[in-house]
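**Q** Coordinates for the following, if possible.
(one chain, ligands or ions: 4)
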Amino acid sequence: MSRNDEVAALLEEFADLLEATGVEYKPTAYRRAAENVREHAPPIEGLASEGEDAVAEIDRVGDAIASKIVEYIETGEIEELEALRADLPVDMAGLTAVEGVGPKTVGSLYEALGVTTLDELEAAAEAGEIQEVSGFGAKTEQNILDNIPFAREARKRTRLGDARPVADEALAYLGDLDAVESVEVCGSIRRWMATIGDIDLLVASEAREPIVEAFTEWPEADETIEAGTGKASVRASGTRVDLRIVDGEEFGAALQYFTGSRAHNVAVRNRAIDRNLKLNEYGLFDVSDVDDADTAADDDAEVDSRRVGERVAGATEVGVYEALDMAFVPPELREDAGEVEAAAADELPALVETAELRGDLHTHTDWSDGGFTIAEMIDAAAERGYDYHVVSDHAAGPGIFGNTGLDEAAIAEQSEAVADAVSEVEGAALAGESADADVAVLHGIEANIDAEGAITTADETLAGLDIVIASPHSALDQDGEAATERLIRAVEHPHVDVLGHPTGRLINRRPGITPDIEAVVAAAADAGTAIEVNANPARLDADGDAVRAAVDAGAAIAVNTDAHTPRELDNARYGVHTARRGWAETADVLNARSLDDLRIFLDD
Ligand code: DGT
Ligand code: CA
Ligand code: CA
Ligand code: ZN
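**A** Ligands and ions are numbered 1, 2, ... in the order given. A predicted model of the protein is given here:
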């Protein structure tokens with residue numbers, strides 16, 4: 001974690017605690033500041049050493065917040081934050097994991113009932129104490145009670161977007177050690193599952209102890225869970241990180257084994273058995289000449305029985321698959337869902353890659369709930385080398401908070417602002433002040449699909465836009481049948497180009513709607529509407545299974561970040577890997593197409 005991220009997290013905690021104590025406006029200021037500190041490229045500790053004024057140069061960081069940041073960098077704590085923590089000793093993350101429970105609720109329930117943990121919250125709700133608190137009722141209490149099991153279950157697994165950066169830091173740290181020959185992630189994180197139980201790492205090296213030692217001394221490790229020979233586990237950012245160290249000649253076999261999934265491994269191992277081969281984490285062995293006596297005679301039979309026979313492969317994963325007469329199976333496909341047969345027939349899909357995306361079709365600005373201007377977001381897209389960029393703020397409508405969303409007049413006004421921003425960015429590029437502005441900007445909207453499937457922005461406004469994304473933001477607890485009808489009606493709407501985050505799920509927070517996905521994607525394919533894979537790691541919606549259904553039905557896929565800040569454009573990789581879990585090829589992905597082809601799709 002960079003110090004910018006660290007400071008941003010502190011400011012966010014500050015905001016939550018302020019909100020919990022009933023302070024108004026200030027929490028929003030702290031959150032905006034946190035967002036900008038996180039986005040700010042120069043290291044915060046450098047600015048802090050120059051003093052408060054330098055820190056206050058960061059957008060939306062005022063003098064008061066700047067002085068707290070300097071205090072933190074200089075002393076390691078912020079006195080006021082420590083006082084807030086002492087006044088409100090609650091498990092904020094645990095409690096706010098319950099849908100419908102925000103910092104304010106946490107503050108009220110602590111004040112009234114002394115609730116500090118999820119267990120205490122549940123006990124208070126079961127005892128009927130919450131409905132007695134002013135501002136709460138029986139319905140709220142029941143809601144809390146209903147949502148606790150989901151929150152508790154959810155907290156056992158880490159979201160991919162939280163775990164992957166930790167894994168990347170571990171990879172970089174281990175990769176820098178002299179004794180390390182190769183290092184890779186394996187397990188569910190290598191398969192890019194939406195949530196992961198733990199992070200698995202594999203190192204090839206002759207030197208076991210020094211690597212275990214260095215791993216337990218990794219600065220990001222908060223605690224050592226266990227340290228053995230050739231194996232160790234630590235906890236970092238709340239997630240368990242397992243490390244295994246193997247010899248170079250066994251690295252590929254171990255990587256294959258520990259990447260899983262278990263079901264994929266069973267299918268691959270059976271293929272080995274059919275060929276008189278034996279596959280395990282030590283290698284692929286030809287056992288056609290081996291009889292039981294060979295193993296029994298060995299002194300160290302327990303380990304070596306696993307290495308019996310002639311080694312056929314094992315140093316590389318590609319070598320293992322090759323020796324089994326099959327193509328290398330990309331980790332995202334290893335779920336025993338037809339990939340073993342496809343690899344054997346050399347019919348694996350040519351999966352889309354992150355570098356092939358040419359633009360983002362769903363982003364926000366400070367016109368709705370984004371934190372940055374239209375020009376800043378265009379600039380960020382240009383910096384990434386994108387060919388096109390879509391500005392798609394929230395339309396006003398059901399599920400969109402207060403006046404965050406744009407009505408028809410504001411959309412018309414924004415069309416002009418987009419044109420102005422394009423000239424502004426072009427001017428800056430000509431003056432050499434910003435990235436190449438060779439990015440086509442399209443003006444769109446994220447419209448709302450109401451509970452019945454109607455789009456709540458006027459048709460003539462939609463007709464004037466380059467692209468319309470329609471998303472469900474309300475009635476996310478309706479039954480599956482109603483959800484199916486709702487989404488089918490939305491994808492069939494003549495002006496809708498993309499179905500945004502189809503279920504509205506928030507990973508580890510709320511399940512979202514449960515439509516009949518096959519029926520929805522079939523309707524989308526017929527109507528020429530793309531299915532979004534929302535790459536925000538809190539969403540990853542559509543998920544891999546839904547993408548696969550969409551690809552099979554012939555619907556286009558749009559991998560969008562839904563970015564509210566420039567840095568969130570980097571979330572694209574989570575969407576791409578989710579699309580890959582759904583077997584999406586480059587040709588299936590709308591925003592991997594050229595601008596001309598994109599326009600043809602949108603005009604149809
Ligand atoms: P997770 O961590 O729950 O998200 O899921 P994975 O898939 O990362 O599972 P994990 O961490 O328990 O083990 C990593 C991989 O190692 C797993 O996908 C397959 C392999 N593996 C581990 N233990 C066994 C086992 O007892 N049998 C088999 N066949 N494979 C195993
Ligand atoms: Ca794992
Ligand atoms: Ca593990
Ligand atoms: Zn949305």
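
**Q** mind checking how far the closest residue to ligand 1 within the chain is from I58?
**A** Using Cβ to the nearest ligand atom, the closest approach of the chain to ligand 1 is made by G260 at 1.9 Å. In short, each C-beta sits where N, CA and C put it, glycine included. For G260, the distance to I58 equals 43 Å [Cβ to Cβ, to the nearest Å].

**Q** same check, this time on G405
**A** 28 Å.

**Q** neighbour-wise, which of these two wins?
**A** Each of G405 and I58 has its neighbours counted (other Cβ atoms under 10 Å); G405 has more, 26 against 20.

**Q** What is the burial count for the residue nearest to the more buried one when sequence neighbours are not counted?
**A** Sequence neighbours aside, A396 is the residue nearest to G405 in space, at 3.4 Å (criterion: Cβ to Cβ, 6 or more residues apart in numbering). Neighbour count of A396, defined by other Cβ under 10 Å: 19.

**Q** Look up phi and psi at A396.
**A** Here is the backbone geometry of A396 (degrees, to the nearest 10): phi -60, psi 150.

**Q** which residues touch it?
**A** By Cβ atoms under 8 Å, 6 or more residues apart in numbering, the residues touching A396 are N403, T404, G405, L406, D407, A410, T456, T457.

**Q** Counting neighbours, which of these end up buried?
**A** Among the contacts of A396, those classed as buried by neighbour count (16 or more other Cβ atoms under 10 Å) are G405, L406, A410, T456, T457.

**Q** what two of these are the furthest from one another?
**A** Spatial extent of these (Cβ to Cβ) is set by the pair A410 and T456 at 14.1 Å.

**Q** which residues sit in contact with the closest residue to ligand 2 within the chain?
**A** In the chain, the residue that lies nearest ligand 2 is G187 (3.2 Å; Cβ to the ion). Going by Cβ under 8 Å, 6+ apart, G187 touches I196, D198, I199, D200, D242, F258, T259, G260.

**Q** 10 Å instead, please
**A** By Cβ atoms under 10 Å, 6 or more residues apart in numbering, the contact set of G187 is 167, 193, 196-202, 242, 258-261, 331.

**Q** Contacts only, for the residue most central in space within the chain.
**A** Nearest to the geometric centre of the chain sits P537, at 2.0 Å (Cα atoms, centre = their mean). For P537, the contact set (Cβ under 10 Å, 6+ apart) comprises 159-165, 194-195, 507, 561, 568, 571, 573-575, 578.

**Q** What sits closest to it if chain neighbours are left out?
**A** Nearest residue to P537 in three dimensions, chain neighbours excluded: G161, at 2.2 Å (Cβ to Cβ, 6+ apart).

**Q** gap between the two ends of stretch 198-212?
**A** For stretch 198-212, the first-to-last residue distance is 18 Å (Cα to Cα, to the nearest Å).

**Q** just how off-centre is it within its chain?
**A** From the chain centre to the centre of stretch 198-212 is a distance of 26 Å (Cα atoms, centre = their mean, to the nearest Å).

**Q** if we can go back for a sec, and the residue nearest to G405, how far is that from G444?
**A** Relative to G444, and taking Cβ to Cβ, A396 is found at 15 Å.

**Q** How about E74?
**A** Remark: distance between E74 and G444 (Cβ to Cβ) = 46 Å.

**Q** Neighbour count: these two, which is higher?
**A** Under the criterion of other Cβ under 10 Å, the comparison of E74 against G444 puts G444 first, with 23 against 11.

**Q** Name the residues linked to the more buried one by a beta bridge.
**A** Listed by DSSP bridges, the beta-bridge partners for G444 are S392, I467.

**Q** Hmm, V390 and it touching each other?
**A** Yes. With contact defined as Cβ atoms under 10 Å, G444 reaches V390; the gap is 4.8 Å.

**Q** Common neighbours of these two, please.
**A** Counting by Cβ under 10 Å, 6+ apart, the residues touching both G444 and V390 are L361, H362, T363, L465, D466, I467, I469, D497, V498.

**Q** The fifth one: how many residues sit nearby?
**A** Neighbours of D466 under the rule other Cβ under 10 Å: 22.

**Q** Kindly report the same for the first one.
**A** One way to gauge burial is a neighbour count; for L361, by other Cβ under 10 Å, it gives 28.

**Q** Which pLDDT value does the model give it?
**A** pLDDT recorded at L361 is 98.

**Q** So what does it look like in phi/psi?
**A** phi -100, psi 10.

**Q** With the last one instead?
**A** Here is the backbone geometry of V498 (degrees, to the nearest 10): phi -140, psi 130.

**Q** Show me the contacts of A396 that map onto helices.
**A** Applying DSSP state H to those, the entries found in helices are A410.

**Q** about what we covered before: next, work out how far apart the residue nearest to P537 and E485 are.
**A** Per Cβ to Cβ, G161 is found 32 Å from E485.

**Q** same deal with R599?
**A** 31 Å.

**Q** need the residues of the stretch 151-300 of the chain near ligand 3, please.
**A** D198, D200, D242 (Cβ under 5 Å from the ion).

**Q** Most neighbours among the residues you listed, which one?
**A** Counting by other Cβ under 10 Å, D200 has the largest number of neighbours within these, with 24 neighbours.

**Q** Verify the contact between that residue and K231 for me.
**A** No. Using Cβ under 10 Å, D200 is not in contact with K231; the gap is 11.2 Å.

**Q** Show me what the host helix or strand of T484 is packed up against.
**A** Taking DSSP states H and E as the criterion, T484 maps to helix 480-491. Packing partners of helix 480-491 (3 or more Cβ pairs under 10 Å, 6 or more residues apart in numbering; DSSP states H and E): strand 440-449, strand 467-472, strand 498-499, helix 517-527, strand 530-534.

**Q** Let me have these in a markdown table, adding distance to A350 as columns.
**A** As requested, those are exported to a markdown table (distance: least, Cβ to Cβ, whole Å):
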| stretch | distance to A350 |
| --- | --- |
| strand 440-449 | 26 |
| strand 467-472 | 26 |
| strand 498-499 | 23 |
| helix 517-527 | 20 |
| strand 530-534 | 17 |
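
**Q** That concludes my questions; thank you for your assistance.
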